[in-house]
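Peer 1: Curious how this folds, go ahead:
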Amino acid sequence: MKGGKSKADAAKKAESKLSVKNAPKKTSERAAKKPAAKQAGKDPNKPKRPASAFFVFMEEFRKQYKEKNPNNKSVAVVGKAGGDKWKSLSDAEKAPYVAKAAKRKT
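Peer 2: Below is the predicted model:
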């Protein structure tokens, strides 16, 4: 048969598709290239960064939101509502929170 494909040709194609060309190298070969750099451990006494103006706002907003919606248990809903409220505030309305955040930063 001219142009016909034999079962042997199909089997070879299947094998070539299954063969792994770019197999990951063994761990022993990777380890031989470079020694891993050791990182210094984290200091447990390091002070935390102060909260940004948004987080100062969210502290207050969460209390208000829980009073209005006591049945809501979802953290995501509270965060989403707080983010939308923050975006809608003007610069003058954000000023007290910015001042509190600056005070915490010093």
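
Peer 1: hey, which helix or strand in the chain has the poorest pLDDT?
Peer 2: helix 27-33 (a mean of 59; mean pLDDT, DSSP states H and E).

Peer 1: Beyond that helix, next helix or strand please.
Peer 2: Next along the chain after helix 27-33, taking DSSP states H and E as the criterion, comes helix 53-68.

Peer 1: What's the mean pLDDT across that next one?
Peer 2: Helix 53-68 shows a mean pLDDT of 92.

Peer 1: Quick check: buried residues in it?
Peer 2: Buried residues in helix 53-68, defined by neighbour count with 16 or more other Cβ atoms under 10 Å: 53, 56, 57, 58, 61, 65. Yep, even glycine has a C-beta here, placed from its N, CA and C like the rest.

Peer 1: Which two among the residues you listed are spaced furthest apart?
Peer 2: 53 and 65 (17.9 Å; Cβ to Cβ).

Peer 1: Give me the number of neighbouring residues for residue 78.
Peer 2: Residue 78 has 17 neighbouring residues, counting by other Cβ atoms under 10 Å.

Peer 1: what's the helix or strand for residue 72?
Peer 2: In this structure, residue 72 sits in neither a helix nor a strand according to DSSP H and E.

Peer 1: oh sorry, the question was meant for residue 97
Peer 2: Per DSSP H and E: helix 91-105 holds residue 97.

Peer 1: Remind me what that helix packs against, helices and strands.
Peer 2: helix 53-68 (3 or more Cβ pairs under 8 Å, 6 or more residues apart in numbering; DSSP states H and E).

Peer 1: Please save the CA atoms from the helix holding residue 97 in PDB.
Peer 2: The C-alpha trace of helix 91-105 is given here as PDB (Å, rounded to 0.1, in the frame of the first residue of the first chain):
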ATOM      1  CA  ASP A  91      -8.600  62.700  51.100                       C
ATOM      2  CA  ALA A  92     -10.200  64.900  53.800                       C
ATOM      3  CA  GLU A  93     -12.000  61.800  55.200                       C
ATOM      4  CA  LYS A  94      -8.800  59.700  55.100                       C
ATOM      5  CA  ALA A  95      -6.800  62.400  56.900                       C
ATOM      6  CA  PRO A  96      -7.400  61.200  60.500                       C
ATOM      7  CA  TYR A  97      -6.300  57.700  59.600                       C
ATOM      8  CA  VAL A  98      -3.200  58.900  57.800                       C
ATOM      9  CA  ALA A  99      -2.300  61.000  60.900                       C
ATOM     10  CA  LYS A 100      -2.800  57.900  63.200                       C
ATOM     11  CA  ALA A 101      -0.600  55.800  60.900                       C
ATOM     12  CA  ALA A 102       2.100  58.500  60.900                       C
ATOM     13  CA  LYS A 103       2.000  58.700  64.700                       C
ATOM     14  CA  ARG A 104       2.400  54.900  64.900                       C
ATOM     15  CA  LYS A 105       5.300  55.000  62.500                       C
END
